[in-house]
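Undergrad: Next input, structure requested:
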Amino acid sequence: MTSANPFSLAGRVALVTGSSTGLGKAMAFALVAAGAKVAINFQNNAARAERTFAEFKAEGHAGGLFRGNVVDEADVNRLVCEITQSLGPVDILVLNATPDQPQKPIEQYDWAFCQQMLDFFIKSPFLLTRACLAHMKAQRWGRIINIGSEVVARGVPQFSAYVAAKGGQNGWTRSMAPELAPAGITVNMISPGWIPTERSMNYPQSAKDAYEALIPAGHFGVPEDLGGAVVFLASDAAAFVTGQNLHVNGGMTVA
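TA: So this is what the prediction gives:
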């Protein structure tokens, strides 16, 4: 599918996991504004998801609201089947869903906590990609976009389970990119910095001030800053971009 506008996503179907709030919501709204039909996904907070979808519909966007546990194999398969029946097969897969991310020393970890991180950032991308892959390969076009984090580059302390799992997600991205490139499918990662959302509303102001003081751009990002990045990587304009990790953090990590 081609367009005179290489950034147009008209005719595409996108699934953004964990998209009823925060960064996921901003990316979902950016993709639909570019012309895609978007599946908004949530698992737990139905009331919040309904509010987001009401806003989505009020703006005249095309898509649907889909509940699904993205770390459960049977539910992933059901979710993708339901989206396919309602909107069409998934062309663009944005892997954004995340659990809570408390910082604490390793002595306070147990394996269940570490496993939860691996489930969201390794297992979920695997399950969802496998569920969507046949269609992408058949049409020789697909976009898989992992949402990572700058913490892998920065080595944030008391965050080892999250950092390790995100590092694994980055490695998975790099490995899948050359594997799927011959099928016309790109696999990339967007790694945002700390962008305040509802999740961080109750963080100490001192912590926010300390982080903001380190940002070369001089200010925090906003969720909408991820919109342009995800639309670019999902579009035909990025057809020759794969295996890359795009940091969206105002210059916090410069390799």
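Undergrad: All the strands of the stretch 101-250 of the chain, residue numbers only.
TA: Secondary structure of the stretch 101-250 of the chain (DSSP state E, counting those that start in this stretch): strands at 142-147, 185-192, 245-248.
Undergrad: With mean neighbour count, mean pLDDT and distance to residue 89 added, can I get these in CSV?
TA: For the C-beta atoms, the positions are set from N, CA and C on the backbone; glycine is no exception. CSV is the format used below for the strands of the stretch 101-250 of the chain (neighbours: other Cβ atoms under 10 Å; pLDDT from 0 to 100; distance: least, Cβ to Cβ, whole Å):
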stretch, mean neighbour count, mean pLDDT, distance to residue 89
strand 142-147, 26, 98, 10
strand 185-192, 24, 97, 13
strand 245-248, 19, 97, 26
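Undergrad: could I get these as a markdown table with distance to residue 220?
TA: Listed next are the strands of the stretch 101-250 of the chain as a markdown table, based on distance: least, Cβ to Cβ, whole Å:
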| stretch | distance to residue 220 |
| --- | --- |
| strand 142-147 | 18 |
| strand 185-192 | 11 |
| strand 245-248 | 12 |
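Undergrad: And the closest residue to residue 125 other than its chain neighbours, its phi and psi?
TA: Closest residue in space to residue 125, ignoring its immediate chain neighbours: residue 95 at 4.7 Å, by Cβ to Cβ, 6 or more residues apart in numbering. Note on residue 95: its backbone torsions stand at phi -100, psi 90 [degrees, to the nearest 10].
Undergrad: what's the burial count for residue 95?
TA: Counted with other Cβ atoms under 10 Å, the neighbours of residue 95 add up to 27.
Undergrad: One more: residue 85?
TA: Neighbours of residue 85 using other Cβ under 10 Å come to 9.
Undergrad: Show the pLDDT at it.
TA: Per-residue confidence (pLDDT) for residue 85: 98.
Undergrad: ok but it is inside a strand, no?
TA: No: using DSSP: H, G, I helix; E, B strand; the rest coil, the assignment for residue 85 is helix, not a strand.
Undergrad: what about it, distance to residue 56?
TA: Using Cβ to Cβ, to the nearest Å, residue 85 is found at 19 Å from residue 56.
Undergrad: what do you get for residue 5?
TA: Look at residue 5 and residue 56: by Cβ to Cβ, they are 22 Å apart.
Undergrad: Between those two, which is the more surrounded one?
TA: Neighbour count, other Cβ under 10 Å: between residue 5 and residue 56, residue 56 has more, with 22 against 13.
Undergrad: for residue 40, helix, strand, or coil?
TA: Classification of residue 40 by three-state DSSP places it in strand.
Undergrad: in terms of contact, does it touch residue 51 like I think?
TA: No: in this structure, residue 40 is not within contact of residue 51 by Cβ atoms under 8 Å, at 11.2 Å.
Undergrad: Look at those two and report which has more neighbours.
TA: residue 40 (26 against 13).
Undergrad: Run through the residues that contact that one.
TA: Remark: with contacts taken as Cβ atoms under 8 Å, 6 or more residues apart in numbering, residue 40 is in contact with 16, 19-20, 25, 28, 49, 52-53, 56, 63-66.
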